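Asks: Can you look at this prediction? I've put the sequence above it.
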Amino acid sequence: MPHPIMYSDDDPVLIRLRTIALAFPDATEKIAHGRPTFRGAKMFGMYGGGVKGGPQFEQSLLFKVEQTERVALEQDSRFFYPAYVGPYGWMGIDLSARPDWTEVAELLDASYRSVATKKLIARLDAGERPDELT
């Protein structure tokens with residue numbers, strides 16, 4: 001049985017996030033577990049998530065993060081340790097309250113680089129990047 005869809009295509013936060021995420025070289029969107037995911041060589045972002053046994057953040061971004069960055073992000077109340085993917089190096093940021101889109105683009109950039117091939121990273125470094133990062 002497929003997962004129910006857990007987002008709305010007309011959500012303005014998702015629309016803005018899509019614009020950023022799909023500007024990365026060869027980025028695609030795929031629905032997985034009822035939510036939009038953004039992929040390069042592998043998944044680098046997911047829209048929506050929550051804390052196991054805790055709050056759900058329907059307008060959020062889940063992204064890959066290095067362990068050294070995780071410690072700093074955990075000090076900020078906008079960030080959370082997401083259910084299921086948290087143990088695999090993922091964090092979430094709540095986007096429901098006026099997000100800093102440059103910061104969101106930077107988080108996606110780091111996440112994308114963590115899964116991208118050398119060829120895709122070279123294209124990114126050559127200037128093929130989201131507007132928020134130029």
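Replies: Received it, and whenever you're ready, just let me know what you need.
Asks: And the contacts of the helix or strand hosting Thr19?
Replies: Secondary structure assignment for Thr19, by DSSP states H and E: helix 12-21. Helix 12-21 has contacts (C-beta atoms under 8 Å, 6 or more residues apart in numbering) with 7-8, 27, 29, 36, 38, 44-45, 47, 59, 61, 95-96, 99, 101, 104-105, 108, 130-132. Placement of C-beta: from N, CA and C, glycine included.
Asks: Now the buried members of these.
Replies: 7, 27, 36, 38, 44-45, 47, 59, 61, 95, 99, 101, 104-105, 108, 130, 132 (16 or more other C-beta atoms under 10 Å).
Asks: one step back: buried residues in the helix holding Thr19?
Replies: 13-14, 17-18, 20-21.
Asks: export these to CSV and tack on pLDDT?
Replies: Output for the buried residues of helix 12-21, formatted as CSV (pLDDT from 0 to 100):
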residue, pLDDT
Val13, 98
Leu14, 98
Leu17, 98
Arg18, 98
Ile20, 97
Ala21, 98
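Asks: Out of the contacts of helix 12-21, which sit inside strands?
Replies: Among these, the members found in strands (DSSP state E) are 29, 36, 38, 44-45, 47, 59, 61.
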